[in-house]
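>>> predicted model and sequence below, questions to follow.
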Amino acid sequence: MAVDALVTENTKVTVGTMVTEGITMTEGSIGTEDAMVTIISTTMLAVTDKARVDLKTDMGYRLTYNGFIPVLIIVGIFINATCIVVLRRPAFIPFQVNRYFQLLAWGDLVLCLAYLPITVSTNGCILYQYWFAWYFAHFGRSVPFGVHAFCTYTLTWLALDRCLAVWWHQAFTIIQQPHLQQWRAVGTAAFCLAVHMPVVVEAEVSCSAWGLEHEDTHCENGTWLTTDVFYGGGSSYTRFIFIRLYNIMVRWSPDLLLAACNLSLVVAVWQGRVHSQSSRVGQQDGRTWERSLVLTMMTMATFYISLTLPITLVQTRYTTHTLDQCHTSNPQETLRQVGHCLQLLEHIIHPIFLACFNPTFRRELQLTFNILDLEARVESMTITGGISADSQL
């Protein structure tokens, strides 16, 4: 039986999430059954060749999301959990700033956990079940981005407080009241939730084997695909407005505020304004405590701006969705992978800065692991042993 076909070049055939140059057939006035078989064979060979190439370039994606990021998640969970335990010790209770450091540590810990769906799904490239694809579409990126925004604003509040402490101490005393701190934390959380709601609402799940009007929970002959506002989801007008407002509010504005606070703190240190209003705070000199806070915030802000710049550039410039992004090596996806790794690393190193610049945190960390007690016991045993040896002489 003869089958008429019209061959059109430079069209695309989609298999799973792979896109390749292929051939399509439409009804026409030329061709035979043999011609149709030849065309189908040629198309399948082209798709197979493309699949071989994609399997090679896919290793970079897997190495990042299934290799580096899981290691960062494990390290981040341990470091931030330890930081929370240390900050809850009685020695930190008198310090108002400790509340923000605890919020920052909790946020960092939750973000490390929120990255688990990203690494399990290889950033949405491997979605075996519909329920997991649905969760990843709505919450896989919105939750870590929302928690990151909360940590960003918490860090910004800490930096602003340090600036007020050295330049306008009267205002600093007012905003340090407990109820104002609580309302500021609640307002920050509500704002971050509201900003990321469009990501949840506009998310969609589809199957690469479906037609335009098909909806189901089975994808037997294809792979699950997810889209959101960051990855081509929603209307073009919604994406245009949301992405620009989002980048201004969540990405660039905090960076500019942190840079301005850092500059003001540098000037304050240079002019010798870094001091405490009281002569003593807890067990250490107030001037030393204030200086350690300023150095900690300056370091945290500097590393935040540096380590989050790649993912900020990705969110600002590269928001288009490509079906072959999981299988094609390109500068855009490479920058996205680097951005994810550095952003996660930024949420791991905060306790390290506390341990480096804050003597109280360092001492309480040692007490938490009984390092000081062990040293005291070793020293006591050494002294006792020395006395016994002398007495025998």
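That came in fine, so what should we check first?
>>> can you get me a residue count around residue 331?
8 (other C-beta atoms under 10 Å). Any C-beta I mention is one placed from the backbone N, CA and C, and that applies to glycine too.
>>> now it: how far from residue 338?
The gap separating residue 331 from residue 338 is 10 Å, by C-beta to C-beta, to the nearest Å.
>>> which residues touch residue 137?
Neighbour list for residue 137: 203-205, 226-228 [criterion: C-beta atoms under 8 Å, 6 or more residues apart in numbering].
>>> could I get the residues you listed as TSV with pLDDT, secondary structure and neighbour count?
Putting these into TSV (pLDDT from 0 to 100; DSSP: H, G, I helix; E, B strand; the rest coil; neighbours: other C-beta atoms under 10 Å) gives the following:
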residue	pLDDT	secondary structure	neighbour count
203	84	coil	24
204	84	strand	14
205	86	strand	21
226	83	strand	24
227	80	strand	17
228	77	coil	25
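>>> which of these sit farthest apart?
The span of those, defined through C-beta to C-beta, is set by 205 and 228 at 10.2 Å.
>>> was I right about residue 298 contacting residue 267?
No: using C-beta atoms under 8 Å, residue 298 makes no contact with residue 267, being 11.5 Å away.
>>> between these two, which one's more packed in?
residue 298 (21 against 12).
>>> measure the more buried one to residue 348 for me?
According to C-beta to C-beta, residue 298 stands 19 Å off from residue 348.
>>> residue 326 should be in a strand, yeah?
No: secondary structure assignment places residue 326 outside any strand; it is coil (DSSP: H, G, I helix; E, B strand; the rest coil).
>>> does the closest residue in space to it that isn't next to it in sequence belong to a helix, a strand or coil?
Among residues not flanking residue 326 along the chain, residue 125 sits closest, at 3.5 Å (C-beta to C-beta, 6 or more residues apart in numbering). At residue 125 the chain is in coil, as set by three-state DSSP.
>>> and residue 125, how many neighbours?
Residue 125: 18 surrounding residues under other C-beta under 10 Å.
>>> helices of the stretch 251-393 of the chain, residue ranges please.
With DSSP state H, counting those that start in this stretch, the ranges of helices along the stretch 251-393 of the chain come out as 253-271, 286-317, 331-346, 350-357, 359-368, 371-392.
>>> angle of the second one against helix 253-271?
Between the direction of helix 286-317 and that of helix 253-271, the angle (axes from the mean of the first three to the mean of the last three C-alpha atoms, to 10 degrees) works out to 150 degrees.
>>> pretty sure residue 230 sits in a strand.
No: remark: residue 230 does not belong to a strand; assigned using three-state DSSP, it is helix.
>>> do you know the pLDDT at it?
On the pLDDT scale, residue 230 is placed at 71.
>>> let the chain start at 156 from now.
All set: I'll call the first residue 156, so the last point we hit is now residue 385.
>>> residues contacting it?
Contacts for residue 385 (C-beta under 8 Å, 6+ apart) come out as 296, 300, 354, 398, 470, 474.
>>> between those, which is nearest residue 285?
Closest to residue 285 out of those is residue 296 (17.9 Å), distances taken as C-beta to C-beta.
>>> can you give me phi and psi for that closest one?
phi -110, psi -30 (degrees, to the nearest 10).
>>> what does the one 10 residues further on give?
In this entry, residue 306 is assigned phi and psi values of phi -60, psi -40 (degrees, to the nearest 10).
>>> same thing with residue 312?
With angles defined as degrees, to the nearest 10, residue 312 sits at phi -60, psi -40.
>>> also residue 286?
Main-chain torsions, residue 286, degrees, to the nearest 10: phi -60, psi -40.
>>> about what we covered before: among the contacts of residue 385, which has the minimum pLDDT value?
In terms of pLDDT, the least confident member of these is residue 474, at 63.
>>> on that earlier part again, isn't the residue nearest to residue 481 right up against residue 221?
No: using C-beta under 8 Å as the test, residue 280 is too far from residue 221 to be in contact (10.2 Å).
>>> how close does residue 466 get to residue 401?
For residue 466, the distance to residue 401 equals 13 Å [C-beta to C-beta].
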